[in-house]
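Novice: generate a structure from the sequence data that follows.
(one chain, ligands or ions: 1)
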Amino acid sequence: MSPIYVALDTPDLEKAKAIAARVRHHVGGIKLGLEFFMANGRHGVHEMADTGLPIFLDLKLHDIPNTVGKAIQALRPLNPAILTVHASGGRAMLEDAKAAAPTGTKVVAVTMLTSLDGSDLRSIGLSPDPHEQVVRLAELARSAGVDGIVCSGEEVKAAHAAWKDGFFVVPGVRPANGPVGDQKRVVTPRAALDAGASILVVGRPITQAADPDRAAREIEATL
Ligand SMILES: O=C(O)c1cc(=O)[nH]c(=O)n1[C@@H]1O[C@H](COP(=O)(O)O)[C@@H](O)[C@H]1O
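Specialist: Numbers count the residues shown, from 1 in each chain. Purely as a prediction, here's the structure:
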């Protein structure tokens, strides 16, 4: 099974279905995020589940424990393979998120967005070392009982060393010399896997390619 989850960041359900149909033999699953969910809701998720590929529902929930727990309960019928919350929501929120999720759903905690760097951390009053921030939040996530974390390929090796059986999601991956866009902590798909990623999230390098099927195949060939 390919470790690539393709991020279908579009509000257009038909477009999402069309890309999924083209790349389905070269990816291990589909990631649906806020843009898709805001536009298509639960109905859209059900439609995408008909592709037969596992669904990663990336809503990055971040609120008080009661609200996050109840939101996840409301999502239970969707039974996603993977669901995201923000680690910085704190221990009680992470515990309630895991308790509310269906048994088969991996709850993963976003540590530090791959679109941020050290100066962004400083601007929100944190120590400007991404490595330190990710490892601290990985430890919080582990001890709160969730299944894993989301981090960049630059920190996954250290996080993995401290959490052997954790599940590590790495977005912000780019083929060598590809455009990085708004991402700041970027590595190649191959480097992320070698460093311990369990799955890779790839969006625009596949979805914006002239031939998404070929782009997915080419990335898969590097792994
Ligand atoms: O949770 C995520 O998936 C995520 C976390 C993170 O730190 N950075 C990040 O880019 N993502 C998601 O991963 C995808 C990356 O898309 P591309 O930059 O187009 O490959 C987007 O859907 C983001 O929402």
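Novice: from here on, just use CA atoms for contacts and neighbour counts.
Specialist: Will do.
Novice: so for stretch 127-141, what's the average pLDDT?
Specialist: Confidence over stretch 127-141 (mean pLDDT, whole number) is 97.
Novice: please identify the buried residues of it?
Specialist: Neighbour-count burial for stretch 127-141, with 16 or more other C-alpha atoms under 10 Å as criterion, is recorded at 128, 130-131, 133-135, 137-141.
Novice: of these, which belong to helices?
Specialist: 130-131, 133-135, 137-141 (DSSP state H).
Novice: ok, those residues vs the ligand, which is closest?
Specialist: Distance to the ligand across these (C-alpha to the nearest ligand atom) is lowest for Val134, with 10.7 Å.
Novice: Ala159 against Leu137, yeah?
Specialist: No. In this structure Ala159 lies outside contact range of Leu137 using C-alpha atoms under 8 Å: 9.4 Å.
Novice: quick one: Leu57 is in a strand?
Specialist: Yes. Applying DSSP: H, G, I helix; E, B strand; the rest coil, one finds Leu57 inside a strand.
Novice: list the contacts for it?
Specialist: By C-alpha atoms under 8 Å, 6 or more residues apart in numbering, the contact set of Leu57 is 31-33, 80-84.
Novice: could you do Ala39 as well?
Specialist: Contacts were defined as C-alpha under 8 Å, 6+ apart; by that measure Ala39 touches 11-12.
Novice: so what pLDDT did it get?
Specialist: The model's pLDDT for Ala39 equals 98.
Novice: just the one 3 residues further on next, same as before
Specialist: pLDDT for Arg42: 98.
Novice: and Val180, how many neighbours?
Specialist: Applying other C-alpha atoms under 10 Å, we find 18 other residues in the vicinity of Val180.
Novice: how far away is it from the ligand?
Specialist: According to C-alpha to the nearest ligand atom, to the nearest Å, Val180 stands 7 Å off from the ligand.
Novice: try Val110
Specialist: When C-alpha to the nearest ligand atom is the yardstick, Val110 and the ligand sit 6 Å from each other.
Novice: could you do Lys164 as well?
Specialist: Lys164 sits 21 Å away from the ligand when distances are taken as C-alpha to the nearest ligand atom.
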